[in-house]
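okay, here's the prediction I keep looking at, along with the sequence it came from:
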Amino acid sequence: MPRKLKTFQTSLGFYDLAVAAPSMKAALEAWGAGSNLFHQGFAKQTEDPDVVSATMSKPGVVLKRPAGSSGRFAEHSDLPSDLGSAESGAKREKPRSKPAKKDGPRIGEGDARKAAAAFERERKRQEMQRRREEAAREKQRERRETATAKAQAALDAAEREHEDKAASIRSGIEAFEKQAQAEDDRWERERERLRAALRKARE
């Protein structure tokens with residue numbers, strides 16, 4: 001049976017985030033947080049009826065609003081309107097006194113079960129999407145590795161062919177050098193013989 005959902009809230013970057021999830025761990029996974037924001041004091045469970053109502057209508061979906069605002073949470077949100085404005089910061093009104101605490105939302109057992117089931121469906125959808133993306137990345141990696149191996153094999157084959165040809169040329173050069181040396185030696189002997197014959201004829 002799906003676990004009962006709770007609403008969790010945090011702030012990341014330019015946005016406040018909220019999600020209906022069965023646990024803090026599930027909320028952190030939904031936010032893609034790399035650390036435990038709850039232990040660090042940057043996230044909390046909320047009973048705000050407006051926030052709870054918004055998240056329970058889309059369990060497992062991360063909703064957001066401009067950071068520090070009191071607007072409604074939604075899947076898509078504009079950036080804060082006063083980003084980096086020193087002037088607006090100077091003219092900002094003093095914070096109003098906190099409104100009276102609202103009563104928590106009345107969520108029936110049937111609605112809670114429906115929300116929990118919807119969360120589970122959304123979790124499975126997101127998991128399936130992650131698996132599809134991972135499979136696509138794995139396929140791309142395999143194609144890249146295959147192409148790399150093919151290119152490496154072609155390079156290795158070309159290098160081997162070059163080395164064989166170079167070795168053959170070097171071997172030919174060495175043979176020619178030996179022939180040239182042998183010819184030089186033969187000619188030296190022949191020249192000495194002919195010179196001796198010449199000297200004898202002159203005597």
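Everything's here; your move. The structure presented is a predicted model; accordingly, all values stated were derived computationally and were not measured. Numbering: from 1, shown residues only.

burial of G68, as a residue count?
11 (other C-beta atoms under 10 Å). All C-beta spots, glycine's among them, are computed from the backbone N, C-alpha and C.

let's verify it: helix, strand, or coil?
coil (DSSP: H, G, I helix; E, B strand; the rest coil).

surely it is in contact with Y15?
No: counting by C-beta atoms under 8 Å, Y15 is not a contact partner of G68; they are 9.8 Å apart.

closest to the centroid, which residue in the protein?
R137 (9.6 Å; C-alpha atoms, centre = their mean).

please report phi then psi for that residue.
phi -60, psi -40 (degrees, to the nearest 10).

which residues does it contact?
With contacts defined as C-beta atoms under 8 Å, 6 or more residues apart in numbering, R137 has no neighbours.

report pLDDT for it.
For R137, the pLDDT comes out at 92.

and it, how far from G34?
Separation of R137 from G34 (C-beta to C-beta, to the nearest Å): 20 Å.

helix or strand with the lowest mean pLDDT in this structure?
helix 86-91 (a mean of 42; mean pLDDT, DSSP states H and E).

touching, G60 and A118? I think so.
Yes: look at G60 against A118 with C-beta under 8 Å: they come within range, at 7.2 Å.

of those two, who's got more company?
More neighbours surround G60 than the other of G60 and A118, with 24 against 19 (other C-beta under 10 Å).

the more buried one sits in which helix or strand?
Counting by DSSP states H and E, there is no helix or strand that carries G60.

please name the nearest non-neighbouring residue to it.
Once flanking residues are discounted, G60 sits nearest to E122: 3.2 Å by C-beta to C-beta, 6 or more residues apart in numbering.

what about the strands in the chain?
6-12, 15-21, 43-45, 63-66 (DSSP state E).

so which of these comes closest to T55?
T55 lies closest to strand 15-21 among those, at 3.8 Å (C-beta to C-beta).

which elements pack onto the closest one?
strand 6-12, helix 24-31, helix 49-57, strand 63-66, helix 109-202 (3 or more C-beta pairs under 8 Å, 6 or more residues apart in numbering; DSSP states H and E).
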